[in-house]
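Novice: Quick one: sequence plus predicted model below, questions after.
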Amino acid sequence: MSAHTMAEKCTPYDPTDPNNNQQQVLVQLVLSLALGASAFLGFCVLRPRWKTLYAARKQQSDPTNSLPKLPDTFFGWMPVLYRVTEQQVLASAGLDAYVFLAFFKMSIKLFTVMFLITCAILAPINKHFDWLPTPRNPEDPRHNTSIPGLYGYDIWRNDADFMAVMEGEKTKIPEPGYLYSYLVFTYFFTGLAIWFMIRETRRIIQVRQDYLGSQSTITDRTIKLSGIPLELRSEEKIKEFLEKLEIGKVESVTLCRDWKYLDNLLEKRAAMLRRLEEAWTVHLGRSKTRQIEGLSHSNLVTDPEDPEQGEQEHHNLLGDHITPYEKPRPTTRIWYGVLHLQSKKVDAIDYFEEKLRKLDEIILTARKKEYKPTPLAFVTMDSIPACQMAVQALLDPQPMQLLAKLAPAPSDIVWQNTYLPRSNRMFRSWTVTIFILVLTIFWLIPVATLAGLLDSCSIRQVWTGLADLLESHEILKALVQTGLPTLVVSLLNLAVPFLYDFLANQQGMISQGDVELSVISKNFFFTFFNVFLVFTAFGTASKFWPVLQDSFKDTTKITYQLARSVKNLGGFYMNFILLQGVGLQPFRLLEIGSVSLYPIMRMGAKTPRDYAELVQPPVFKYGFFLPSAILVYILCIVYSILPTGYMVLFFGIIYFVFGYYTYKYQLLYAMDHPQHATGKAWPMICYRILLGLVVFQLVMAGLIALGQAFTAAALVVPLIPCTVWYSYYFGRTYEPLMKFIALRSIQRENSADIGIDNEYIGIERPPGYMRRASTTIDENRERGLTFVNPSLVIPLEKLWVNRRSDSDGDISDIDHTPDLPREESAASSLSLGDTHIWRDNGDANR
């Protein structure tokens, strides 16, 4: 048979078709247990031996001092972690971590109740009237029966008429009366999910109001004032304007200005400093003389008013570093002349030191200049009530003018975006949003095309010999036919959150907290659309456009298609949740990304600054982990009533239990989370829960209609507008309390239980929760901070080099400067961590 004929008969493999990836539940369970157990045991082995990674936050963060120390035994850390209370989570990790973990805890309680109800009532009903899958036999045995259309599989696929198929059939059709139980439990589970959501919302509001009302930080007293007209763009005029409104006294005003020139200088200086440190490291590594005195940049100019300090710096830069060496000093090539066509090599250390000295002089001069004011300011009031009243009031009758909002924390501000024009920020925002929308909708089409290049049919067209080899080896053929295309799809999907995180940072948002919330929204949209809607409503990426065209002609088709596919793909989503919960959660605990990249980063590290960055705690990204958890929540709700519901709910409980303790460990002990959103992710979670309930109701209406219980299906429909209305009700009733601090919740300074109205704050608190009297993590984090661009005031970074270098390259001693303050801007490239990190690491190596 010719290669052309074989290529024609070859059936292409679609890696985006979930039916190609449905496996037996037991097979998936064994695979997930093997992956998860290996990762978990690896974590237990590495945890006590690699504390700079697995206990990085505990070692470096003061607020974690209240946490119990985890023992170094193999499993001994687990009961200690289990006993860490919510109060300790709040005190050591803050509101964002508390809200994140609260979602997992609420899901565990909700799905446990639903699982028990499903096993007791719905599973027997489904077994008697429909079918009940088991781990050994998850497939519906009626796929090949004489009445395939009854349960919505082949009848809609073939576009046949249901009644025409049923005419003349002698097979007894089950009465659709049992579908009324689906109607009842659709209402019941909708109400149960909303009840748990509102119960948790009220509890979070109480904790949040207590937490924020009992602390006093500069952020709680500061407003972000935007849309400032030209006539008010000065600190004095803004202060005068606000005090005339009699809201309260103004303590300070920071009018943002166009600091782009100064910020660029600081970034250029940071790059030059790194090059100088690399030159010194190369120089000391070549030397056989172990001691060097008077390191050149150990005393940089930090005070422009101190002339003696400037003279000392000039002396250090030009003369103190000259010592006898047996090998030549490092050189660098510089270009000069017309069009920089000529070049020569010069001493690298002298060259970079001179460049750094000139940059320092330019920066000190630039800090004294006046810059053009922008329509944005940070105004610090004298009290928290004055700030809260300002942000909840309309200050100006003109639209888009003098808009007051709560300010982000000083360490959370992206100062480079404060002087961007509003039109620039809006253009960036809309451009990124449209790009992400298009990318999300059409993502699977180019991915499927790329993965299809690895298909055996495509290989035969290009390389017939390789295709024949694959045909003769079944295992190798299975690997290439199914494994490689699916691996390509999985890896590309894994890269999407990183791409969206990068794009969100390009939108021009003022704070990193806003960026994090944006990443949550974007990644959820991508996950929900490509993992759920594409597979259910459209079948596969290749059927996306045809199904969408048919849906425009008949809107009921997409409902039937959604209902049919959801029931048909129960095994696929069971495997998906099982793999996510049992197979992949332990890898998150292991921090496989950091473990894999560490040897590469370690080999590329040259200077003490590079080594200090190696032991910095990894940053916890809520936008990477929360969207997938919300999707699993929605899947559990959607499948709760269906025959596969009891298994989906069981695996869902496992997912949220494993996720709760995995993320609890990472948030408390291992990873840093500098974002400052004060729990504002909770309303986003709630809105997506309500979206999941609408999808659940649509699916149930379609499934009941497929069973010809049209009355019951019609009775499900009113739930949909009711749920949509409740989302508006939630926004008007609960969301304001997740944004602002109620005036009655603000405590008096001399009592933790007396509000500003001199009355006892009678807020009902959760069991075991006491109103906090000590300082919060936010108060510790913001102590001494002000709303000033760090480029204007931050001490210039000093040189980090080692004085002695061992033959194996390990640093044994470092010329230290005094501890450097942590960079106040989360977006600045200058923040390299506290110097004591490297000192501790160096001491450990001695």
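Specialist: That came in fine, so what should we check first? Residues are numbered from 1 along each chain as shown.
Novice: Helix or strand for the closest residue to L67 other than its chain neighbours, just tell me which one.
Specialist: Counting by C-beta to C-beta, 6 or more residues apart in numbering, S92 is the residue found nearest to L67 once chain neighbours are left out, at 5.3 Å. Placement of C-beta: from N, CA and C, glycine included. Per DSSP states H and E, S92 falls inside helix 86-93.
Novice: what does Y660 give?
Specialist: Y660 belongs to helix 645-665 when assigned by DSSP H and E.
Novice: Which residue ranges of the chain form strands?
Specialist: With DSSP state E as the criterion, the chain has strands at 222-226, 250-257, 331-336, 342-347, 373-381, 403-406, 801-805, 811-815.
Novice: Give me the sheet partners of the second one and which way each runs.
Specialist: The one in question is strand 250-257. Strand 250-257 has the following strand partners under DSSP bridges: strand 373-381 (antiparallel).
Novice: sorry, back to before: measure the residue nearest to L67 to M509 for me?
Specialist: 27 Å (C-beta to C-beta, to the nearest Å).
Novice: again, but for L626
Specialist: 18 Å.
Novice: and what of L394?
Specialist: In this view, L394 and M509 are 24 Å apart by C-beta to C-beta.
Novice: so where's the stretch 351-500 of the chain uncertain?
Specialist: The model of the stretch 351-500 of the chain has pLDDT under 70 over residues 444, 446-463, 467, 470, 473-493.
Novice: Could you list the low-confidence segments of the stretch 101-250 of the chain?
Specialist: Confidence mapping of the stretch 101-250 of the chain against pLDDT under 70 gives the ranges 135-175.
Novice: quick one: pLDDT of the residue nearest to L67?
Specialist: Note on S92: pLDDT of 87.
Novice: burial measure for it, as a count.
Specialist: Neighbour count of S92, defined by other C-beta atoms under 10 Å: 22.
Novice: Hmm, it is touching S66, no?
Specialist: Yes: under the criterion of C-beta atoms under 8 Å, S92 makes contact with S66 at 5.8 Å.
Novice: Highest mean neighbour count out of the strands of the chain?
Specialist: strand 222-226 (a mean of 23; mean count of other C-beta atoms under 10 Å).
Novice: tell me which residues in stretch 78-91 are buried?
Specialist: Buried residues in stretch 78-91, counted by 16 or more other C-beta atoms under 10 Å: 84, 86-87, 89-91.
Novice: quick one: contacts for A39?
Specialist: By C-beta atoms under 8 Å, 6 or more residues apart in numbering, A39 lies in contact with 586-587, 589-590, 592.
Novice: Now with 6 Å, please.
Specialist: 586-587, 590 (C-beta atoms under 6 Å, 6 or more residues apart in numbering).
Novice: ok, back up a step: run the angle between the helix holding S92 and helix 645-665 for me.
Specialist: Computed by axes from the mean of the first three to the mean of the last three C-alpha atoms, to 10 degrees, the angle separating helix 86-93 from helix 645-665 equals 50 degrees.
Novice: so how far is helix 86-93 from its chain's centroid?
Specialist: Distance, stretch centre to chain centre, for helix 86-93: 20 Å (C-alpha atoms, centre = their mean, to the nearest Å).
Novice: With T281 as the reference, measure out to Y611.
Specialist: 10 Å.
Novice: With M647 instead?
Specialist: For M647 relative to T281 (C-beta to C-beta), the value is 58 Å.
Novice: ditto for R564
Specialist: R564 is 64 Å from T281, where distance means C-beta to C-beta.
Novice: just Y573 next, same as before
Specialist: Relative to T281, Y573 is positioned 53 Å away (C-beta to C-beta).
Novice: between those two, who's got more neighbours?
Specialist: It is Y573, of Y573 and T281, that has more neighbours when counted by other C-beta under 10 Å, with 26 against 23.
Novice: residues contacting that one?
Specialist: Y573 neighbours (C-beta under 6 Å, 6+ apart): L635.
Novice: again, but for I685
Specialist: Residues in contact with I685 (C-beta under 6 Å, 6+ apart) are F103.
Novice: I'm done for today, thanks for sticking with me.
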